[in-house]
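[1] structure, please.
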Amino acid sequence: MLALPIILSNITVPLVGAVDTAVVGHLDEVELIGAVAIGASIFSLVFWTFGFLRMGTSGVVAQALGANNQSTIQLTLCRSLFLATILGAVVIALQKPLLSLCFGLLDASEKLYDYTSIYYSTRIWAAPATLANYVVLGTLIGLQRMRSVLALQLLLNILNVCLDILFVPIWGWGIRGVALATLISEYAALAFGLYLIRRQLRQAASSVTYTSLLNRPGLLSLFTLNSNIFIRTFLLVLSFFYFNACSARLGATALAANAILLQILHICSYALDGFAHAVETLTGHAWGSKKHSHFLQAIKASTIQSMVVALFMSALIYLTGAWIIGLFTNQLAVIDLALQSLPWLILLPVLSVWCYQLDGIFIGTTHSREMRNAMIISSVLFYCSTELLLPFLGSKALWLTFCLFMVMRAITLLQYMPAILKNSADTNKS
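    You can find the predicted model right below:
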């Protein structure tokens, strides 16, 4: 039952990207679909690189909750919010070189660059709110407040969708309206999120001092955890960015077709990631309280459930994939090319479910070094195999190597599981 609210909340996240793509997919120029895809990829690369603000916070808070250590929860919340504010300001300050760097990795047309720049220059101002929202979500997940997570995500994403529809089809603001909808939604969600954790903030205000906030051993421990997750997450989002960059090399039609398929994949991935979030807090709580039997139960139950959902997702894509593609665009060339790659999309939920599940276990137990090492191996294999096969197979190569990437993420993480299970059993209190 713990997983259901967060699965529902996770599904609302990619629906925003789906609506973004759909509202521009029915405008006159195919480049607009690509511009939203590239712009969203840039922000995934820039923002989700700091995903440790969510993952690191949830793991530490879950363990502290299991150990009944309220001071650690308060310190982690304050340190993470402080860090999110600084990083958000840095991202805004460096917005121009960041855009230049990202576009330097692309082989895109001038028109695509212009449209993407409009989207980017508006949405970049959401940086502080986006990163602070990661901290709020991580805190709520760690505290097992999944209904609050659902409420926060619903506000953020439903507001975004409504503003998309208002700003683009109705008011005709085009791609700038898509970005502005996200900007407004992020700050509204932050205000609501801070309200949801007001109790923890009040407790922190009365107990956390400047000295404890900047305590060197505590900061060093947080830095070590976050730096490993930073590297792991950067490589993950870079892989998605690289996927879109390779699609752009194949032309505007290929970029648009793959962007639509990725939107469908994101909906499935976020649903599967809901189980990962649930197992994060359950395994983290069991790890902190040193209860091995609870640790094993969380792994077993969530694995079975996530596999059932993965099979359901594959079946759903098989039955409705062509219809869903038609909802995104009326560009016939884009639809035809997307249908050619649809079989790969049908396979991906079943192939990728294991890496999401294992991510949840490793985040909950704060084994970030192992996550870093596994991602390095998997991403290098993805880049090399794609560069080797892309000239010969085109889009087929991208989807083939992406499937391989997901499988390798699971295989490399599994190598570390025996040591984690042994450690859990050795510290068993149950």
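
[2] can we go C-alpha only for contacts and neighbour counts from here?
    OK.

[3] what's the helix or strand hosting residue 189 in contact with?
    Secondary-structure assignment from DSSP states H and E places residue 189 in helix 174-196. Outside helix 174-196, the residues within contact range by CA atoms under 8 Å, 6 or more residues apart in numbering are 20, 24, 32, 36, 115, 118-120, 122-123, 125-126, 129-130, 132-133, 136-137, 148, 152-153, 155-157, 159-161, 163-164, 167-168.

[4] repeat that for stretch 34-45.
    20-21, 99, 102, 112-113, 115-117, 119-120, 124, 175, 234, 237-238, 240-241, 244-245, 252, 255-256, 259.

[5] just these: which are in helices?
    20-21, 99, 102, 112-113, 115-117, 119-120, 175, 234, 237-238, 240-241, 244-245, 252, 255-256, 259 (DSSP state H).

[6] drop anything exposed from those.
    Among the ones in helices among the contacts of stretch 34-45, those buried by neighbour count (16 or more other CA atoms under 10 Å) are 20-21, 99, 102, 112-113, 115-117, 119-120, 175, 234, 237-238, 240-241, 244-245, 252, 255-256, 259.

[7] residue 396 against residue 341, yeah?
    Yes: judged on CA atoms under 8 Å, residue 396 makes contact with residue 341 at a distance of 6.9 Å.

[8] buried sites along whichever strand or helix holds residue 377?
    If you go by DSSP H and E, residue 377 is part of helix 368-393. Using 16+ other CA under 10 Å as the test for burial, helix 368-393 gives 368-372, 374-376, 378-379, 382-383, 385-386, 389-390.

[9] show me the shaky parts of this protein.
    1-18, 26-30, 105-109, 428-430 (pLDDT under 70).

[10] ok, now with 50
    Applying pLDDT under 50 to the chain flags no residue at all.

[11] at the geometric centre of it, which residue sits there?
    For the chain, the residue sitting closest to the mean C-alpha position, by CA atoms, centre = their mean, is residue 48 at 6.4 Å.

[12] what separation do you get for residue 68 and residue 286?
    12 Å (CA to CA, to the nearest Å).

[13] which helix or strand lies directly C-terminal to the helix holding residue 377?
    helix 395-414.

[14] next SSE after that next one?
    Assigned by DSSP H and E, the successor of helix 395-414 is helix 417-426.

[15] buried ones in the one helix or strand residue 303 maps to?
    Taking DSSP H and E as the definition, one finds residue 303 inside helix 292-328. Under the neighbour-count criterion of 16+ other CA under 10 Å, helix 292-328 has 292, 294-295, 298-299, 302-303, 306-307, 309-311, 313-314, 317, 321, 325-328 buried.

[16] setting the sequence-adjacent residues aside, check what's closest to residue 103.
    residue 113 (7.8 Å; CA to CA, 6 or more residues apart in numbering).

[17] coming back round to it: and the angle for the very next helix or strand once past the helix holding residue 303 with helix 417-426?
    Next along the chain after helix 292-328, taking DSSP H and E as the criterion, comes helix 332-364. For helix 332-364 against helix 417-426, the angle by axes from the mean of the first three to the mean of the last three CA atoms, to 10 degrees is 40 degrees.

[18] could you name the helices and strands sitting against helix 332-364?
    The contact analysis (3 or more CA pairs under 8 Å, 6 or more residues apart in numbering; DSSP states H and E) places helix 332-364 against helix 52-66, helix 252-289, helix 292-328, helix 368-393, helix 395-414.

[19] would you list the phi and psi of residue 51?
    phi -60, psi -10 (degrees, to the nearest 10).

[20] then residue 199?
    phi -60, psi -50.

[21] check residue 208 too.
    Per degrees, to the nearest 10, the backbone of residue 208 is at phi -90, psi 120.

[22] residue contacts, the residue nearest to it when sequence neighbours are not counted?
    Distances taken as CA to CA, 6+ apart place residue 75 nearest to residue 208, at 6.5 Å, with adjacent residues excluded. For residue 75, the contacting residues are 204, 208, 212, 213, by CA under 8 Å, 6+ apart.
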